[in-house]
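Student: Return a 3D structure for these sequence lines:
(4 chains)
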Protein chains: 2
Amino acid sequence: MRDELVRAALTVLRREGAAALTVRNITAEAGCSTTGIYTYFGGKSGLVEAIFVEGFEGFDEAVGPSLAAGDLAAAGRAYRRWALDHPTQYMVMFGRAVPDFEPSPAAFERAAASFAQLTAGVARALPRAGDAGDHAYHLFATVHGYVMLEMSGMGTHDDAEAEARYERALRSLAVG
Amino acid sequence: MRDELVRAALTVLRREGAAALTVRNITAEAGCSTTGIYTYFGGKSGLVEAIFVEGFEGFDEAVGPSLAAGDLAAAGRAYRRWALDHPTQYMVMFGRAVPDFEPSPAAFERAAASFAQLTAGVARALPRAGDAGDHAYHLFATVHGYVMLEMSGMGTHDDAEAEARYERALRSLAVG
DNA sequence: AACGATGACGTAACTTTGTTACGTGGCCCC
DNA sequence: GGGGCCACGTAACAAAGTTACGTCATCGTT
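Tutor: Got it, this is the predicted structure:
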């Protein structure tokens, strides 16, 4: 039933957004009672944390191949693609879209693992650069900023223009 | 009473965070009944929009002088300073910290005005660069990404290290 | 100066949401 | 076969957003 609840929560989140991610909506989608969330996750926050962790696992799957190949530009494109394909989940992970949710130390460790994968990819792609951690963080922050602004509705509302601007940013990063 | 409600909402937001930004908490802080929010703002979302707009006005005041002087690095520092001094309001503006809130077109226009100020500052600081709008957006996105990651608790929890990393990012941006 | 209307504001109720106390039924171990 | 334990549901409670309605002051009109 635990997995079923996570699946139902992701379904509701994708279909109706973070504001509709209520205990009753989730359990109705899962076809069970509200108490399951408390026995398996200790409350709504615990279930949201499972969504948080699942998001980073999805990230790793989406971005990992490009990183393993040492192609940072492709990784950047895969990152934006995943975020735009899962906007509500992305906002749960980075935008505090669920008010009472604060990731636990274990959840932060899972996020750090994704970042370690990125650092390893940077070290592979730029073997003679300085501190790979610094470069990785800069790439992460820049890409995250572009994606976050685009998803917040700031900047243009033209998707093609946003993509073109993002491509220029990736090229600019490759130079630096 | 309208201004009093905005002041009370900002006080509650700063003191207890976005999750405690409830109609009852705000009106208790303002010393009035809950209905005032509906007569003056049409509901909680309208009041949150006032907070959103007030945030961009605060930004303009904080960053404007450096931009007018053509000092982009100082503007970047002022941006981070304002964000770290108003973390919960920043999350209301750029995250989804209030679930049902979506900025209206008028609110987006106010945000666009702040971006126009940034673009003018870039054009002043880099008169012989290409498209000032592109450069401004790149600066905005990068700085936003750094600040957002720092406020999300990703990356280091050491404030001095975060600041040093941010300074390196500003220097890297100045070169590019 | 008296009267009626308008608008600001509060009281109290309704709906929804997160949470929990408690009951029920099936399964395992002796 | 019986007792305990675990999974799960029912139903209630507290808090939050919202709204119907009543009250009082203020202002223009006669």
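Student: A:V147: neighbouring residues, count only.
Tutor: Neighbour count of A:V147, defined by other C-beta atoms under 10 Å in any protein chain shown: 24. (Glycine included, C-beta is placed from N, CA and C.)
Student: What sits closest to it if chain neighbours are left out?
Tutor: A:A83 (4.6 Å; C-beta to C-beta, 6 or more residues apart in numbering or on different chains).
Student: which SSE is the one you found in?
Tutor: Element membership for A:A83 (DSSP states H and E) is helix A:72-85.
Student: Using PDB, write down the CA coordinates of the helix or strand following that helix.
Tutor: Scanning forward in sequence from helix A:72-85 by DSSP H and E, the next helix or strand is helix A:87-94. C-alpha atoms of helix A:87-94 as PDB (Å, rounded to 0.1, in the frame of the first residue of the first chain):
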ATOM      1  CA  PRO A  87       6.800  21.100 -13.000                       C
ATOM      2  CA  THR A  88       4.700  20.600  -9.900                       C
ATOM      3  CA  GLN A  89       7.100  18.000  -8.500                       C
ATOM      4  CA  TYR A  90      10.000  20.300  -9.200                       C
ATOM      5  CA  MET A  91       8.300  23.000  -7.200                       C
ATOM      6  CA  VAL A  92       7.800  20.600  -4.400                       C
ATOM      7  CA  MET A  93      11.500  19.900  -4.400                       C
ATOM      8  CA  PHE A  94      12.800  23.400  -4.700                       C
END
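Student: And whatever helix or strand comes next after helix A:87-94, what's buried?
Tutor: The helix or strand immediately downstream of helix A:87-94 is helix A:105-125, counting by DSSP H and E. Buried residues in helix A:105-125, counted by 16 or more other C-beta atoms under 10 Å in any protein chain shown: A:107-108, A:110-111, A:114-115, A:117-119, A:121-123, A:125.
Student: can you list contacts of the biggest helix by length in chain A?
Tutor: If you go by DSSP state H, chain A has its longest helix at helix A:44-68. Applying C-beta atoms under 8 Å, 6 or more residues apart in numbering or on different chains, the contact partners of helix A:44-68 are A:5-6, A:9-10, A:13, A:21, A:23, A:26, A:37, A:40-41, A:72, A:74-75, A:77-79, A:81-82, A:86, A:89-90, A:92-93, A:98, A:100-104, A:107, A:110-111, A:113-114, A:117-118, A:120-121, A:124.
Student: Buried ones among those residues?
Tutor: A:5-6, A:9-10, A:13, A:21, A:23, A:26, A:37, A:40-41, A:72, A:75, A:77-79, A:82, A:86, A:89-90, A:92-93, A:98, A:101, A:103, A:107, A:110-111, A:114, A:117-118, A:121.
Student: what residue is smack in the middle of chain A?
Tutor: A:Y90 (4.5 Å; C-alpha atoms, centre = their mean).
Student: residues touching A:L126, list them.
Tutor: A:L126 touches A:L72, A:A132, A:H135, counting by C-beta under 8 Å, 6+ apart.
Student: And for stretch A:24-33, what's in contact with it?
Tutor: A:1, A:4-5, A:7-9, A:11-12, A:16, A:34, A:36-37, A:47.
Student: Fine by me, we can end here.
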